[in-house]
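Undergrad: what's the 3D shape of this:
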Amino acid sequence: MKYYADGAPASKTSFLLEDYENDPGNRSQLQIDEDLFLEEFAFWTENGVTAMAHVTGDAAARAVIEAVEAAQAKHGKNGVRHHMSHTVMVDPSDLPRLQPLDMVIDVSPCVAAPMAFHDAYKHHYGDRHEQFFPARALIDAGAKFMVASDFPVGPDNPWSNIEIWTTRKNPWGEAPGTLGAHSAITLEEALEAATLAGAYGLYMEDEFGSLEAGKRATFIVLNHNLFEIPAADISETEVLTTVFYGRVVFERGASE
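TA: Numbering: from 1, shown residues only. Prediction:
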């Protein structure tokens, strides 16, 4: 079940803990009645169903965290890993609350680097703009952090997204500088977020996500070792071979 806790940063519909920089008195709002939100998360937890919440503002993130905490207080975890998607802003005081909940936290890397439209973000959020997409802080807090493409908003090329996480720079040269360079993560962390963490989000970490005895033989072969090339070249990575369930389903250069 998916919910929209709030809206989007550009339209000033992200639900914030503090007012918008250029709009005193406006923090936007939760997009669902707060009591109903609590009831819904409790219901899905009791019935073993995952609930995903679209979250962009720090107040929206807090509302989801509180809903999951309340649901687990009533019903335990019940084998459910609720999911917070996009996760543009999280207040630092809320970060330690994530690990005990076993929530899956995805962050959309497609806009976690300078983009042409980020001037509007700076206008709306001021210094808070540099705190967007806090990958480093989420990982350090022990959150179950995974990469999501947000396609078609962002590219469906995972290598561009991994490059953004490790550099916080625009891979295509469309905008200079970095966005929240302090939030960059290591290549190893980015790869885990794009593989094993994704499998965890699907409750399939015992089958996919890493090369281990007993798991499905599903993997790719690349044209270079990602750990031996400059981070700025990660987005140029190509897949040479794809093996799915132990069967080669793609080979670059092979005829259709």
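
Undergrad: can you count the residues close to residue 184?
TA: Residue 184 has 21 neighbours, counted by other CB atoms under 10 Å. C-betas here are computed from N, CA, C, even on glycine.

Undergrad: which residue packs closest to residue 34, ignoring adjacent ones?
TA: In this structure, residue 34 finds its nearest non-sequential neighbour in residue 63, 6.9 Å apart by CB to CB, 6 or more residues apart in numbering.

Undergrad: same question for the longest helix seen in the chain: list its buried residues.
TA: Longest helix in the chain, counting residues (DSSP state H): helix 58-75. Across helix 58-75, burial judged by 16 or more other CB atoms under 10 Å covers 58-68, 70-72, 75.

Undergrad: what's the spacing between residue 241 and residue 79?
TA: Remark: distance between residue 241 and residue 79 (CB to CB, to the nearest Å) = 36 Å.

Undergrad: more neighbours, those two?
TA: residue 241 (14 against 10).

Undergrad: just to be sure, that one is in a helix?
TA: No: applying DSSP: H, G, I helix; E, B strand; the rest coil, one finds residue 241 to be strand, outside a helix.

Undergrad: tell me the contacts of it?
TA: Going by CB atoms under 8 Å, 6 or more residues apart in numbering, residue 241 touches 220-221, 248, 250-252.

Undergrad: would you turn these into TSV with neighbour count?
TA: Output for these, formatted as TSV (neighbours: other CB atoms under 10 Å):
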residue	neighbour count
220	14
221	13
248	11
250	13
251	13
252	11
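
Undergrad: which ones among those lie within strands?
TA: Among the contacts of residue 241, the members found in strands (DSSP state E) are 220-221, 248, 250-251.

Undergrad: pLDDT on the strand or helix carrying residue 54, on average?
TA: Assigned by DSSP states H and E, residue 54 belongs to strand 52-55. Taken as a whole, strand 52-55 has a mean pLDDT of 97.

Undergrad: stretch 8-25 too?
TA: Per-residue pLDDT over stretch 8-25 has a mean of 95.

Undergrad: what residues sit buried inside that stretch?
TA: Buried residues in stretch 8-25 (16+ other CB under 10 Å): 8-9, 12-17, 20-21.

Undergrad: lowest-scoring secondary structure element of the protein by mean pLDDT?
TA: helix 118-125 (a mean of 88; mean pLDDT, DSSP states H and E).

Undergrad: quick one: buried residues of it?
TA: 118, 121, 124-125.

Undergrad: and which of these is nearest residue 151?
TA: Lowest distance from residue 151 to these (CB to CB) belongs to residue 118, with 19.7 Å.

Undergrad: what sits against the closest one?
TA: Neighbours of residue 118 in contact, by CB under 8 Å, 6+ apart: 111, 129, 175, 179.

Undergrad: the last one - that's part of a strand, no?
TA: No: under the criterion used here (three-state DSSP), residue 179 is coil, not part of a strand.

Undergrad: touching, it and residue 134? I think so.
TA: No: the pair residue 179 / residue 134 is not scored as a contact, 11.2 Å apart, by CB atoms under 8 Å.

Undergrad: between these two, tell me which one has more neighbours.
TA: Shown here are residue 179 and residue 134; by other CB under 10 Å, residue 134 has more neighbours (26 against 23).

Undergrad: just give the nearest non-adjacent residue to that one, would you?
TA: Excluding the flanking residues, the one nearest residue 134 by CB to CB, 6+ apart is residue 183, at 5.3 Å.

Undergrad: likewise residue 37?
TA: In space, and not counting its chain neighbours, residue 37 is closest to residue 67: 5.4 Å by CB to CB, 6+ apart.

Undergrad: which parts of the helix or strand encompassing residue 37 are buried?
TA: Following DSSP H and E, one finds residue 37 within helix 34-46. Using 16+ other CB under 10 Å as the test for burial, helix 34-46 gives 37-38, 40-42, 44-45.
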